[in-house]
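Engineer: Show me how the following folds:
(chains A and B)
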Amino acid sequence: GAVVSQHPSRVICKSGTSVKIECRSLDFQATTMFWYRQFPKKSLMLMATSNEGSKATYEQGVEKDKFLINHASLTLSTLTVTSAHPEDSSFYICSARGGKSTNYGYTFGSGTRLTVV
Amino acid sequence: AQSVTQLDSQVPVFEEAPVELRCNYSSSVSVYLFWYVQYPNQGLQLLLKYLSGSTLVESINGFEAEFNKSQTSFHLRKPSVHISDTAEYFCAVSGGAAGNKLTFGGGTRVLVKP
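Structural biologist: Next comes the predicted model:
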């Protein structure tokens, strides 16, 4: 079945540094990738949608300069949290949507727990 | 705008008892409907989905959901739960005004007690 690999699963960084999170579709080509943020005991909040080779579309209220998204290939998207601060600490989840071969389904990564100290 | 409402934020249930998780959505056009399960510190796993055809969809682990267009609902049920079903469950929709984005409900935490 469709598999999405997300790394790292857990990262601790110092305030002011940048952190990159990778999301790879292992056995299918992802026409679209999505990045979500999840607060404790809350639902998923869509941050941005990215299509391969084009700029990401950010949801209202999400700072595009802080959360840089790159979707350089049909199997890889990255989210970089720049100049991270403690309030950026959260659980980040990516999702990839495939084409006909995956029945246009959405497959989620296992998430990245970011802690900024 | 599209929205999804999960009426119950938490559902405690005894092992081997039935459970129903309610999900209602708002959309003026046809949508696709999904149920996902999330275990602690993990991503989401697809339980089942409705795209078209039969309104009753089933998963391999005993869950089923019924699409009811007139009531704009997609409730999830399982006749007999196990301890391992303890998790967070999310209802989601795509299509309509939101295009290929998934809109999630607030989630329902199922706690199965022995």
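Engineer: which stretches of the chain form strands?
Structural biologist: All of this is about chain A. For chain A, strands defined by DSSP state E occupy the ranges A:4-7, A:10-13, A:19-25, A:32-38, A:44-51, A:57-58, A:67-73, A:76-81, A:90-97, A:106-108, A:112-116.
Engineer: other chain: chain B
Structural biologist: B:3-5, B:10-14, B:19-21, B:24-26, B:31-38, B:44-50, B:56-58, B:64-68, B:73-78, B:87-95, B:103-104, B:108-113.
Engineer: Neighbouring strands - and their directions - for the fifth one?
Structural biologist: Looking at strand B:31-38 with DSSP bridges, its partner strands are strand B:44-50 (antiparallel), strand B:87-95 (antiparallel).
Engineer: Any idea which of those strands gets closest to B:Leu111?
Structural biologist: strand B:87-95 (9.2 Å; CB to CB). All C-beta atoms are positioned from the backbone trio N, CA, C, and that covers glycine.
Engineer: Measure how the closest one sits relative to strand B:73-78, angle-wise.
Structural biologist: 150 degrees (axes from the mean of the first three to the mean of the last three CA atoms, to 10 degrees).
Engineer: which residues touch strand B:87-95?
Structural biologist: Strand B:87-95 has contacts (CB atoms under 8 Å, 6 or more residues apart in numbering or on different chains) with A:43-44, A:106, B:2, B:4, B:6, B:21, B:23, B:25, B:27, B:29-39, B:44, B:47, B:74, B:76, B:100-105, B:107-110.
Engineer: Type out the ChimeraX command that picks the buried ones from those.
Structural biologist: Per 16 or more other CB atoms under 10 Å in any protein chain shown, the buried members of the contacts of strand B:87-95 correspond to this ChimeraX selection:
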select /A:43,44,106 /B:2,4,6,21,23,25,27,31,32,33,34,35,36,37,38,44,47,74,76,101,102,103,104,105,107,108,109,110
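Engineer: Turn the strands of chain B into JSON lines, including mean pLDDT.
Structural biologist: Output for the strands of chain B, formatted as JSON lines (pLDDT from 0 to 100):
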{"stretch": "strand B:3-5", "mean pLDDT": "92"}
{"stretch": "strand B:10-14", "mean pLDDT": "97"}
{"stretch": "strand B:19-21", "mean pLDDT": "98"}
{"stretch": "strand B:24-26", "mean pLDDT": "93"}
{"stretch": "strand B:31-38", "mean pLDDT": "93"}
{"stretch": "strand B:44-50", "mean pLDDT": "93"}
{"stretch": "strand B:56-58", "mean pLDDT": "92"}
{"stretch": "strand B:64-68", "mean pLDDT": "95"}
{"stretch": "strand B:73-78", "mean pLDDT": "96"}
{"stretch": "strand B:87-95", "mean pLDDT": "93"}
{"stretch": "strand B:103-104", "mean pLDDT": "92"}
{"stretch": "strand B:108-113", "mean pLDDT": "97"}
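Engineer: Of all those, which one is nearest A:Thr31?
Structural biologist: strand B:87-95 (13.6 Å).
Engineer: Right, I'll call it a day here.
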